[in-house]
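Participant: the following block contains a protein sequence and its predicted model.
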Amino acid sequence: MQKGSISILCTPDLYELTSKWASEYGKLDHGINIKVINADYDNLDLGKGEILSFVSNKSSGASDNENNWKLVVGRDVIVPFINAENPFMTEILHRGVSPEKFAQIFQNPESRNWGNILANGKDAPVHIYVLNDESTNKGLIKFLQAKKIQYVGITAGTKDQVITAIQKDPYAVGFSKIVDIQGTDNQNLVEKVRLLPIDKNGNGSIDYMEDIYMDLNSFQRGVWIGKYPKALYSDIYAVSKVQPTNENELAFLKWVLTDGQQFLNARGFSDLASSESQSQLDKINLAIISEPVSKASHSMLFVLLIIFVAFIIISIVSNVIIHFYKNKKIIIENVGPSLFRGFDENAVLVPNGLYFDKTHTWAFMEKDGMVTIGIDDFLQHVIGSITRIEMKNPGEKINKGDLLCSIIQSGKQLKLYAPVSGTIKKQNEALITNSSYLNLSPYTEGWVYMIEPNNWFREIQLLDMSEKYRRWLVAEFSRLKDFMAAILQVESVEYAYVVMQDGGVLKDGILSDLGPEAWEDFQTNFLDTFK
């Protein structure tokens, strides 16, 4: 049964891929006819309505215009790779090669030796092989910050020629697309090749912020969160002038981000890491939830929206006032007369009577034997405004250290872990519609679950009560400052104003203005260390 038709614009480099997506989706008998229109790069016109387009970074404005609605659906990634039997492998994995060193060996044939790259005095030649491909050439020009590639002593060839050359030459370096060197299972690289780590910040070593080259999953995630040089990859976007609301378009986009990902590799593009696909699906789900009503009911909706917003504001203000008086005694007792100029141990509430876990969650046994658990005040200060929480359902069992919930801020998320074991009897349903309680009242209205414990007396031996936890927080703040200093050093000092106030004091909500790469590292190198 024909439900209708949709038209999709695409840039020339994506015409084959978009046509394949349309064809495969049509085979599923959704009753939707998809017309694919090949558009010019520089004259891609999204029009004034909901014209859905698939564009690459080659398009002049559609993907760069911040006013357009867009989501990432795939990627074109160029990688350097080497022979897995390179005799300097240990040094290469430890030091990597900086963009400056790459530029040097490309521009100066006399510098093409491993002794120069690794500063080890070894006179071993570097043979360079490059995929003869337009996007690869453009990516390398941007990466090397050159006007053009000087192919003196550099061999350009097909993907098979480049891969074969690297497999035969232990001293060679190749540049190709990541999909070209993936094995048939798409989980491992082809035989006898390894990714060549890039020392992105040029400090002579592969720091934890750059350590993404051990396997394909880590690499994909690293590209997504910004740990890989931007010059070597370009994103494929679904773009629209306004947020799509057409149910056929939204259904098609959801399919592209799930089952449709399998068709990217065969056309030279990379599929998304599962976590990135999910983050993009969240944008579509938001579009579905916020689908506009008809014009006839628009005025009424607007009035109701104003009333609703006013109600929410009044509720929040009331809750803040109630929370203030309810916790006034705790604040005075635990914090004292501090002026709270920044974010330090004096700004964190640590109520008496609670048990705290070093993953920044807490537990409290109620009179009926049930245990209430939630996140601590330290963590909500670090994150800033929490926009959404993903919770488990009543009836589910959790063990200490298991995933407790995920807290989300505009698509960036952190996973939190259970402080104790038990069966979830109740979730805080208020958080579904008002996650701000996690910020306003983490110990009262912002509780997450009520559970029936099954190992309470043993597991609380591993938790800290208020005084001990306060002392531990002093060291935790030092660790946080060290972590943020590493972020600034590895990434860019441009974030210093976001993280620090005058005198080096941490700002409230320090992660709020940082990108997903910082959140990923906070998860791995801060929260997970005590998991």
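Facilitator: Nice, I can see it.
Participant: contact partners for the closest residue to Q187 other than its chain neighbours?
Facilitator: Ranked by CB to CB, 6 or more residues apart in numbering and with sequence neighbours excluded, the top spatial neighbour of Q187 is L216, at 6.2 Å. Every residue, glycine included, has its C-beta placed from N, CA and C. If you count contacts by CB atoms under 8 Å, 6 or more residues apart in numbering, L216 has them with 178, 182, 186-189.
Participant: possible to save the residues you listed as a markdown table with pLDDT, secondary structure and distance to C10?
Facilitator: Shown next, in a markdown table, are those (pLDDT from 0 to 100; DSSP: H, G, I helix; E, B strand; the rest coil; distance: CB to CB, whole Å):
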| residue | pLDDT | secondary structure | distance to C10 |
| --- | --- | --- | --- |
| I178 | 96 | helix | 22 |
| Q182 | 94 | strand | 24 |
| N186 | 76 | coil | 24 |
| Q187 | 80 | coil | 29 |
| N188 | 90 | coil | 31 |
| L189 | 95 | strand | 30 |
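Participant: packing partners for the helix or strand hosting A238?
Facilitator: Using DSSP states H and E, A238 sits within strand 233-240. Packing partners of strand 233-240 (3 or more CB pairs under 8 Å, 6 or more residues apart in numbering; DSSP states H and E): strand 52-56, strand 69-83, helix 134-144.
Participant: mind listing what's buried along the helix or strand just after the last one?
Facilitator: Just to be clear, that refers to helix 134-144. Counting by DSSP H and E, the element after helix 134-144 in chain order, helix or strand, is strand 154-157. For strand 154-157, burial by neighbour count (16 or more other CB atoms under 10 Å) applies to 154, 156-157.
Participant: now stretch 416-427
Facilitator: 416-422, 424, 427.
Participant: mean confidence score for that stretch?
Facilitator: The average of the pLDDT scores along stretch 416-427 is 97.
Participant: closest one of the contacts of L216 to M89?
Facilitator: Nearest to M89 among these, counting by CB to CB, is L189 at 14.1 Å.
Participant: wait, that closest one touches V179, no?
Facilitator: No: the pair L189 / V179 is not scored as a contact, 11.0 Å apart, by CB atoms under 8 Å.
Participant: if we can go back for a sec, which of the helices and strands packed on strand 233-240 sits closest to P453?
Facilitator: strand 69-83 (41.8 Å).
Participant: average pLDDT across the closest one?
Facilitator: 95.
Participant: dump that strand to PDB, restricted to CA.
Facilitator: C-alpha atoms of strand 69-83 as PDB (Å, rounded to 0.1, in the frame of the first residue of the first chain):
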ATOM      1  CA  TRP A  69      19.000  21.000  11.300                       C
ATOM      2  CA  LYS A  70      21.500  18.200  10.700                       C
ATOM      3  CA  LEU A  71      22.700  14.900  12.000                       C
ATOM      4  CA  VAL A  72      25.700  12.800  11.200                       C
ATOM      5  CA  VAL A  73      24.900   9.500   9.300                       C
ATOM      6  CA  GLY A  74      28.400   8.400   8.200                       C
ATOM      7  CA  ARG A  75      32.000   9.400   7.700                       C
ATOM      8  CA  ASP A  76      34.900   9.500   5.300                       C
ATOM      9  CA  VAL A  77      38.100   8.800   7.200                       C
ATOM     10  CA  ILE A  78      41.700   8.800   5.900                       C
ATOM     11  CA  VAL A  79      44.300   7.000   8.000                       C
ATOM     12  CA  PRO A  80      48.100   6.400   8.000                       C
ATOM     13  CA  PHE A  81      49.000   2.800   8.400                       C
ATOM     14  CA  ILE A  82      52.200   0.700   8.600                       C
ATOM     15  CA  ASN A  83      53.500  -2.900   8.300                       C
END
